[in-house]
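A.B. asks: Quick check, what structure comes out for this input:
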Amino acid sequence: MGILLPEALEWPRSRLLEFRPDPGETLDAVCGGEVKVLQRRRGYRFTLDPILLAHFAIYEGGALRGRLMDLGTGCGIIPLILARRLGCDSLTGLELQPRLFSLAERNVHLNRCERAVSLVRGDLRSVDRLFPKGSFAHVLCNPPYRTRDQGRISTDMEKALARHEIACELRDVARSAAYLLRCRGSLCLVYPASRLSELMAVLSAEKLEPRIARMVHSRAGRPAKLVLLQAVKGAPAGLTVMPPLVIHADDEQAFSREVSAMVG
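C.D. replies: Got it, this is the predicted structure:
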């Protein structure tokens, strides 16, 4: 499970008139209100992690020029942040689950991102049937963090597929990214720090060379909880480790200055 967003990010009722959610949904806002997102109250809800990933891809991974793929886009949060907040276009989101895909479609329209963001419903394990090889310059992914035998699997299948390696494993993500990326194309992921050695080994096996890493800590002085990692297809070995990203300032619940700027 990722780093949770505070409930304060849910939109006030007075703003719901702009785009009324269905019963059982919420209309939330991130990035200072620039990105509006419909989500289900009881289904899978995004955490802070995709927000960190989108900003890492831009500010640490380098300029995102060319076509970009978000594998397992969920409600579309990553492409929407890249389009609305960070000025990217030529974005594609791939999503397997029909209910999340429907939410992503509505969110693209809600944010008026039809020109920048396209959506495809499909399985990332079958990208060779959906897209030409080497047709993307960048791939982003916030994959399931837990193996099948790690922790309790939710009875809600939407949550289960998003959190556990049921529909795809880490190797599937790496293989799909290697197929989609052109030579010297980049893959950016957010993943548990406890699985960093496995992550780097799996990426290297697909000739996706880890190039930039940034550890994410809940508070300064505590062990890293997540890692943000960029790998480049066909690049020579050589890893740069960036300064750590700290989520909360001191012992307070408030976000650090850097994370506050991302969340808005």
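A.B. asks: Quick one: the strands in the chain, in order.
C.D. replies: In chain order, the chain shows strands spanning 25-30, 35-40, 68-71, 91-95, 117-121, 136-141, 181-192, 208-217, 224-233, 240-241, 245-246, with DSSP state E as the criterion.
A.B. asks: who wins for proximity to Asn107 among those strands?
C.D. replies: Of all the strands of the chain, strand 35-40 sits nearest to Asn107, with 5.6 Å by Cβ to Cβ. Every C-beta, even on glycine, is put in place using the N, C-alpha and C of the backbone.
A.B. asks: tally of neighbours for the residue nearest to Val190 when sequence neighbours are not counted?
C.D. replies: Leaving aside its sequence neighbours, Val190 sits nearest to Leu53 (Cβ to Cβ, 6 or more residues apart in numbering; 4.4 Å). Leu53 is surrounded by 26 other residues when neighbours are defined as other Cβ atoms under 10 Å.
A.B. asks: what do you get for Arg195?
C.D. replies: When neighbours are counted by other Cβ under 10 Å, Arg195 registers 16.
A.B. asks: Quick check: it vs Lys225, distance?
C.D. replies: When distance is defined by Cβ to Cβ, to the nearest Å, Arg195 is 12 Å away from Lys225.
A.B. asks: Need the nearest residue in space to Leu245, chain neighbours excluded.
C.D. replies: Across the structure, with Cβ to Cβ, 6+ apart as the measure, the residue nearest Leu245 apart from its sequence neighbours is Val216 (4.9 Å).
A.B. asks: Would you check that that neighbour makes contact with Leu196?
C.D. replies: No: with contact defined as Cβ atoms under 8 Å, Val216 does not reach Leu196; the gap is 11.3 Å.
A.B. asks: okay, and the common contacts of the two?
C.D. replies: The contact sets of Val216 and Leu196 overlap at Val227 (Cβ atoms under 8 Å, 6 or more residues apart in numbering).
A.B. asks: Looking at the two, which one has more neighbours?
C.D. replies: It is Val216, of Val216 and Leu196, that has more neighbours when counted by other Cβ under 10 Å, with 22 against 17.
A.B. asks: got the contact list for that one?
C.D. replies: Under the criterion of Cβ under 8 Å, 6+ apart, the neighbours of Val216 are 3, 52, 190, 193, 224-228, 244-245, 247.
A.B. asks: What's opposite it in the beta bridge?
C.D. replies: Under DSSP bridges, the beta-bridge partners of Val216 are Leu226, Leu245.
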